[in-house]
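Asks: Dropping the sequence and predicted coords here.
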Amino acid sequence: MAARDILTLNNSMAPRLIRCLYIAALILITVVVVLGVLRGVRMISRPPLPPAAVTSSAAPDAATTPQGMMGRRMGPGMMGPGMMGPGMNRGMMMNRRFGRGPRMFGMGRNPMLAGLFVILSALLRGVIALMVVRILAEMGLAVLAMPRRTES
């Protein structure tokens, strides 16, 4: 009986399919939000990074002075602040300069703030995804509930 309902157009299965897809999307959104919260909790539970070590040397060596670097070829890791090497675009420079995620706002050294930022962003993304999926499901069900147009 079920195979006959699928193969014929006597019964509409679109509303049931929309509801099933809605449930699958809710499960997927829940899994992604839970993984984001767990990632934030893991960031909170790690120890804070030690402060950056500052070294001072009385005399700079020849490899770090501009005259000493003239003879060496500059590689991608030795570029100055405004220089872009071969194959690098501005987006790569921005990621290198500012980093990604919580480090952007100076939270990289404070795991509590970084973890809270990750948790809140995961929850916000989940709420936005939930609203988008809900609106699309309601639109689909509303279109299916519309009366059929009679052709004259």
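Replies: It's in. For clarity, every value in this text was computed on a predicted model and none was experimentally measured.

Asks: Which stretches in this protein count as helices?
Replies: Applying DSSP state H to the chain gives helices spanning 2-7, 14-45, 66-69, 90-98, 111-145.

Asks: out of these, nearest to Glu151?
Replies: Nearest of the helices of the chain to Glu151, taken as CB to CB: helix 111-145 at 18.3 Å. Where C-beta positions appear, they are placed from N, C-alpha and C, glycine not excepted.

Asks: Tabulate the helices of the chain in CSV, adding columns for distance to Glu151, mean pLDDT and mean neighbour count.
Replies: Below are the helices of the chain laid out as CSV (distance: least, CB to CB, whole Å; pLDDT from 0 to 100; neighbours: other CB atoms under 10 Å):
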stretch, distance to Glu151, mean pLDDT, mean neighbour count
helix 2-7, 26, 75, 8
helix 14-45, 21, 94, 14
helix 66-69, 80, 56, 10
helix 90-98, 53, 51, 10
helix 111-145, 18, 93, 15
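
Asks: To Ala53, which of those helices lies closest?
Replies: That would be helix 111-145 among these, by CB to CB, at 19.3 Å.
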